Structures are given as structure tokens and as C-alpha cells.
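1. after the sequence you'll find the predicted model.
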Amino acid sequence: MPRANKPSFVSRVLASFVDYLVILGWMLVLAVFTALLWLLTGEIYNWLQLGPAGAQLLGFLVLVLPVGIYLYLSEASPAAATLGKRRMQLRVVNRRTGEQASKVQILLRTVIKLLPWEIAHFSVWNFVAIAATGSTEFPSWLYAVAIFADLLPLLYLLLVAFEAEGRAPHDLIAGTKVVRFQPAP
């Protein structure tokens, strides 16, 4: 029976890198689809016609939700791992039992993991909406939100590097941890 060990920081980063390649692949599909629509219609849709909240919702539906579905389905599967985690022999488990995490834990983990993206998208769409009016003055609260969104991924990395079990905020909140499986001696 395999035994689980705390994965190295490098293996976690490499697993994330592989998963970001998957995400970039999806973004490439979206870019090709957008280019094809532009070639067919001669127009590029202005998401700001929906307002900042509508643009963010559309971005969520075409980018963040599919990524979240990938993360959820991968980690809720019997493999309990995304493609990156599989490549690095990692899996997500329930912290207390060491068994496969529940579907609720994986859902919570996924939502918390994607929260920095949504906060960043919120600030970007609001900056773009204000700039589209011709204004060059932005409210200080919006800068604060953007800085917070930029600092969150750093916090996630620092926790993975320095928390005793290498647990990021999404693991701490969901009651999960990432482990590396090795064959028993």
C-alpha cells in the first residue's frame, strides 16, 4: 500500500505550472473562438456594454467556471488530482483521515482557490470601465482591492512553503491537504 508524505514546495509549484498550461490551453481555445467570430462578423464584442458586473460575470462564465470545473472534477475523481498533481504524484486528501476528500471539501477548496482570480477580475473590470469614460482618476478603494488581489497569490505560496503541512488557504478552509504518494518499502 502506498504511503503519503508531505510534498516538496517545488513539486507543488511544478504541479501548478502544468495546470496553468492546461488553463492557457483553454484560453487559447477562447482566443481562437474570438478570432473566428471577429472574422465572421467583422466585430469584436465590447464586454463593457454589459457594465463592469456583466463583463465580470461573462468572464467568469467563459474562463473561471470552466477552470473551476476542471479543478473540481479532477480533484473529486478517484485520482484526487489535477493533471499537474498526477504528473508530480500528488493528490488531495482529507486532512484528518488521509482518505479522499469529500465532494463538498473539493468544492470549497476550488472556490477559495479561485477567489484571487475573481477579486482581480473585479478590480480590472472596474479600472477598465472608469478608463473607458476618459477618466484617469481611480478611487483609492479600487487600488486597495487590486493590491489585495495581487498579494493573495503570494500569501498562498508563502503558506504552501512555510505552513507545517504545506497547506494553502484553500486547504486550511476546506480541511484538505496535498500529499505525495510513494510505494511502501
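-> Great, that's in hand. Numbering: from 1, shown residues only.
2. what about the longest strand in this structure?
-> strand 176-182 (DSSP state E).
3. what sits up against that strand?
-> Here strand 176-182 makes contact (Cβ atoms under 8 Å, 6 or more residues apart in numbering) with 2-8, 11-12, 85, 88-95, 98, 101, 105-106, 109, 165-167, 170-171. Just so you know, the C-beta spots here come from the backbone N, C-alpha and C atoms, and that holds for glycine as well.
4. repeat that with 6 Å
-> Strand 176-182 has contacts (Cβ atoms under 6 Å, 6 or more residues apart in numbering) with 2, 4-5, 7, 89-90, 92-93, 95, 101, 105, 109, 165, 167, 171.
5. buried subset of the residues you listed?
-> 7, 89, 90, 92, 93, 95, 101, 105, 109, 167, 171 (16 or more other Cβ atoms under 10 Å).
6. from the residues you listed, pick the one nearest residue 21.
-> Taking Cβ to Cβ as the measure, residue 90 is the one of the buried ones among the contacts of strand 176-182 closest to residue 21, at 16.0 Å.
7. tell me the contacts of residue 159?
-> Per Cβ under 6 Å, 6+ apart, neighbours of residue 159: residue 168.
8. how about the secondary structure of the residue nearest the centre of the chain?
-> The residue lying closest to the centre of the chain (Cα atoms, centre = their mean) is residue 114, at 3.9 Å. Of the three states, residue 114 takes helix according to DSSP: H, G, I helix; E, B strand; the rest coil.
9. among the contacts of strand 176-182, which two are most distant?
-> Between any two of the contacts of strand 176-182 (Cβ to Cβ), the greatest distance is 21.8 Å, for 2 and 109.
10. state the number of residues packed around residue 158.
-> 11 (other Cβ atoms under 10 Å).
11. contacting residues for it?
-> So residue 158 contacts nothing (Cβ under 6 Å, 6+ apart).
12. which element is it on?
-> helix 140-162 (DSSP states H and E).
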